[in-house]
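A.B. asks: Any chance you can model this:
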Amino acid sequence: MPDIDSISVAFPVKSMRSAEHFVMNATEEEARRGLTRVMGEFGELLGKVNNALSISSARSKR
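C.D. replies: Residues are numbered from 1 along each chain as shown. Got it, this is the predicted structure:
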């Protein structure tokens, strides 16, 4: 399994500034569609990452 630092999700954008602008100005519908797309494409991976981080967090609280 890759290190958490090496995991990335790429979406085509012209620049970081345009990505930030899109996110800041996204409507609720655009956000919902984006989340649906991300979960459809990466939901399994995100679930595994969430599970691993939850286990790690629980262990560090002992």
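A.B. asks: and the helix ranked longest in the chain, how far out from the chain's middle?
C.D. replies: Criterion DSSP state H: the longest helix present in the chain is helix 28-60. Chain-centre distance of helix 28-60: 6 Å, with C-alpha atoms, centre = their mean, to the nearest Å.
A.B. asks: Stretch 50-62 too?
C.D. replies: On C-alpha atoms, centre = their mean, the centre of stretch 50-62 falls 18 Å from that of its chain.
A.B. asks: One more: stretch 18-37?
C.D. replies: Centre-to-centre, stretch 18-37 and its host chain are 13 Å apart (C-alpha atoms, centre = their mean).
A.B. asks: Convert that stretch to PDB, retaining C-alpha atoms only.
C.D. replies: Extracted in PDB, the C-alpha atoms of stretch 18-37 (Å, rounded to 0.1, in the frame of the first residue of the first chain):
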ATOM      1  CA  SER A  18      -8.400  28.700 -11.300                       C
ATOM      2  CA  ALA A  19      -9.000  25.600  -9.200                       C
ATOM      3  CA  GLU A  20      -9.300  27.700  -6.000                       C
ATOM      4  CA  HIS A  21     -11.700  30.100  -7.800                       C
ATOM      5  CA  PHE A  22     -13.900  27.200  -9.000                       C
ATOM      6  CA  VAL A  23     -14.100  25.700  -5.500                       C
ATOM      7  CA  MET A  24     -14.800  29.000  -3.800                       C
ATOM      8  CA  ASN A  25     -17.600  29.800  -6.300                       C
ATOM      9  CA  ALA A  26     -19.100  26.400  -6.800                       C
ATOM     10  CA  THR A  27     -22.800  26.100  -6.400                       C
ATOM     11  CA  GLU A  28     -24.400  23.400  -4.200                       C
ATOM     12  CA  GLU A  29     -25.300  21.500  -7.300                       C
ATOM     13  CA  GLU A  30     -21.700  21.600  -8.700                       C
ATOM     14  CA  ALA A  31     -20.400  20.500  -5.300                       C
ATOM     15  CA  ARG A  32     -22.900  17.600  -5.200                       C
ATOM     16  CA  ARG A  33     -22.000  16.500  -8.800                       C
ATOM     17  CA  GLY A  34     -18.200  16.800  -8.000                       C
ATOM     18  CA  LEU A  35     -18.600  14.700  -4.800                       C
ATOM     19  CA  THR A  36     -20.600  12.100  -6.700                       C
ATOM     20  CA  ARG A  37     -17.900  11.900  -9.400                       C
END
